[in-house]
Each structure stands twice: as structure tokens, then as C-alpha cells.
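# After the sequence you'll find the predicted model.
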Amino acid sequence: LGLLMLLTAGVALADTEDAFEVRQASLQQQPGGYYLNALIDIRLPDYSRQAFDQGFDLPLMLEIEVLRERAWWLWDKRLYSLRQRYRLRYRSFYDAVRVLDLKTGEHRYYDDLQDALAAVSVLFNYRLLDGQALKPGKRYRLRLRFGIDQAELPIPLKSTSLWQNDWNLSSDWYEWTYQP
């Protein structure tokens with residue numbers, strides 16, 4: 001029985017490993033500000049897809065931090081932090097998946113969950129900062145991660161079990177430096 005529990009735990013953990021991975025990210029200065037481009041690989045575990053198919057919303061969150069690098073004995077200074085939240089919901093009336101941007105209230109419809117995930121997995125020219133936010137000649141460290149928004153997860157899905165349905169899913173921080 002103990003061996004069976006360990007094997008089951010291994011399957012559940014393997015199912016959740018690397019559910020989200022930031023493949024690439026960059027910041028570009030353009031007229032009017034600094035714009036973020038990013039590619040995120042999303043591989044939802046089966047239980048996440050099943051919960052979505054059963055009518056539960058899928059809350060996703062993109063976290064971004066901009067830090068100014070300082071001398072080695074000082075902590076980097078956080079200049080900017082953003083949590084971009086999305087809610088994916090199946091709308092039976094439209095037979096479509098709605099992606100709601102919780103920051104702007106804008107929503108778009110997609111044919112299926114895979115198309116909706118593909119849409120949120122690509123950021124192109126996402127306006128992040130004003131043009132005066134970063135000082136030329138200074139070094140900045142940017143961090144980005146993507147995953148399930150635990151705060152918005154429906155209560156029935158908040159499982160305390162370590163053996164199955166671990167909803168604490170997010171990518172590792174993707175970090176890079178930038179100097180305007």
C-alpha cells in the first residue's frame with residue numbers, strides 16, 4: 001500500500017511538473033514606453049482540464065517585477081510589480097471559451113480551451129512602463145512568471161492533498177537584465 005501511494009504521488013507530481021514555463025521574454029523601448037514580449041509554454045495537467053470541462057473557471061496570473069540592480073551589499077530595489085490576471089470560462093450559450101482580462105474587463109471568445117491558452121501564452125508589445133521609468137546607463141533586472149492564480153481558484157478546487165490535484169502551479173521565475 002505504501003509503495004502504491006508513493007507511485008501515485010509520483011504520477012501526480014510528474015503530471016504537474018512544468019505545467020507552465022516561460023520560454024522567452026524581452027523588453028523593448030519604443031516611442032511611448034517600454035513594451036514586453038514573452039512566450040509561455042502551457043501544459044495543463046489532466047485534472048485541470050477535467051475541472052474546466054466540468055464547469056469550473058480557470059484563473060491564470062502573469063507576475064512581472066522590474067528591479068534596479070544596486071551594489072552587491074544592497075538589495076535590488078523593486079521599481080514596478082504587476083499581476084495580470086485572466087479568467088477562462090466555458091460559455092455554453094456561445095459554445096466558446098471566454099478569456100476575461102480582470103485588469104481591463106476586456107474579454108475575447110475562442111473555440112476551445114487550447115485556443116484560449118494559446119492566446120494568453122503570447123505577449124506581444126504589452127505596454128509595461130512609461131518611457132521615463134528607466135534611466136539610461138542603469139542596469140535593471142526583470143522577472144516574469146505565469147501560473148494558476150491561487151487567490152481566484154474556486155473553493156472546491158482548493159485541495160490540501162499532496163497526492164493529487166495540486167493546484168499550486170506556476171512557472172519558475174524567468175529573469176534577465178536590461179540596460180536602456
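Arrived safely.

# where does the residue nearest the centre of the chain fall, phi/psi-wise?
Geometric centre of the chain, nearest residue: Phe146, 1.9 Å, by CA atoms, centre = their mean. As for Phe146, its main-chain torsions (degrees, to the nearest 10) stand at phi -140, psi 140.

# so how far is Ala96 from it?
23 Å (CB to CB, to the nearest Å). Where you see a C-beta, it was placed from the backbone N, CA and C, and this is true even at glycine.

# and what of Gly55?
From Gly55 to Ala96 the distance is 14 Å (CB to CB).

# next one: Val122
19 Å.

# Same drill for these two, tell me which one is more crowded.
The residue with more neighbours, out of Val122 and Ala96, is Ala96; 17 against 11, by other CB atoms under 10 Å.

# how about the nearest residue to the more buried one, chain neighbours excluded?
Tyr109 (4.2 Å; CB to CB, 6 or more residues apart in numbering).

# so the one you found touches Tyr94, yeah?
Yes - counting by CB atoms under 8 Å, Tyr109 touches Tyr94, with 6.0 Å between them.

# quick one, which of those two is more surrounded?
Neighbours were counted for Tyr109 and for Tyr94 using other CB under 10 Å; Tyr109 has more, 13 against 9.

# what pLDDT does the more buried one get?
Looking at Tyr109, its pLDDT reads 96.

# The host helix or strand of it: which residues count as buried?
In the assignment (DSSP states H and E), Tyr109 maps to strand 107-110. By 16 or more other CB atoms under 10 Å, the buried positions in strand 107-110 come out as Tyr110.

# Just the buried residues of whichever helix or strand comes after that strand, please?
Proceeding N to C from strand 107-110, the next assigned helix or strand is helix 113-120, under DSSP H and E. Neighbour counts over helix 113-120 (16+ other CB under 10 Å) mark Leu113, Ala116, Leu117, Val120 as buried.

# List the residues that contact the third one.
To tie it back to what came earlier, the one meant is Leu117. Ile42, Leu44, Leu88 (CB atoms under 8 Å, 6 or more residues apart in numbering).

# which of these has the weakest pLDDT?
Where pLDDT dips furthest among those: Leu44, at 93.

# What residues does the closest residue to it other than its chain neighbours make contact with?
In space, and not counting its chain neighbours, Leu44 is closest to Ala19: 6.1 Å by CB to CB, 6+ apart. With contacts taken as CB under 8 Å, 6+ apart, Ala19 has the following neighbours: Ile42, Arg43, Leu44, Pro45, Ser48, Gly147, Leu169.
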